[in-house]
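In: Pasting a predicted model and its sequence here:
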Amino acid sequence: MKYYVSVNGRTRIVHLIERNNKLVVHVDDQPFDASYQEVDSLGQVVIIHDGKSYGLSMAGDPNQVEVTLAGHFYDVRIEDERERAAHAAERAGGRSNGLVISVMPGVVVDLMVKPGDRIEKGQALLILSAMKMQNEIGAPVAGIVKELHVAADQAVAAGAKLVTITPNPD
């Protein structure tokens, strides 16, 4: 699994692969040999890397963690590939001017609108199956569906046009 890990604003790409019941880690395509052990249920962890041990204190949720190491504070934010693509779609939505594009390759599972339908911002337009997950693609703007560029069961590439919406005048 690929993760985007930001530590105090600096992003690294982390690949986690399980092989023979062992976790193999690569950071920015470089092997990272480390082991860890949870010390207690309160977020205390020991990491061993290059023969040295590090005691960490962690608090937060799966997407945002506050880590303290030797008195230094680190803000850690974590996104997997799917979350990163979804967040990119949200950011692009405000700039799309009614054009909805696929931010990841996938297969259109279901179309939930047709040309001429009046829609609201955020309303589901279609379901896109990508990375073994079904993703509901919402309207970036309110308006009228002008054109569908895809059909059900169609495979699409990242960047492919999905739907064009004529936005409501402001």
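Out: Ah, there it is.
In: Setting aside sequence neighbours, what's the nearest residue to Leu162?
Out: Val100 (4.6 Å; CB to CB, 6 or more residues apart in numbering). Glycine gets a C-beta too; all of them are placed from N, C-alpha and C.
In: residues in contact with the residue nearest to Leu128 when sequence neighbours are not counted?
Out: Spatial nearest neighbour of Leu128, chain neighbours left out: Gly106 (4.5 Å); criterion: CB to CB, 6+ apart. Taking CB atoms under 8 Å, 6 or more residues apart in numbering as the criterion, Gly106 is in contact with 128-131, 135, 155-156.
In: From the residues you listed, pick the one nearest Leu56.
Out: The nearest member of these to Leu56, counting by CB to CB, is Met131 at 29.6 Å.
In: Using just helix, strand and coil, how would you label the closest residue to the closest one other than its chain neighbours?
Out: Closest residue to Met131 apart from its sequence neighbours, by CB to CB, 6+ apart: Arg82 at 5.4 Å. Assigned by DSSP: H, G, I helix; E, B strand; the rest coil, the conformation of Arg82 is helix.
In: try the one 3 residues further on
Out: For Ala85, the secondary structure call by three-state DSSP comes out as helix.
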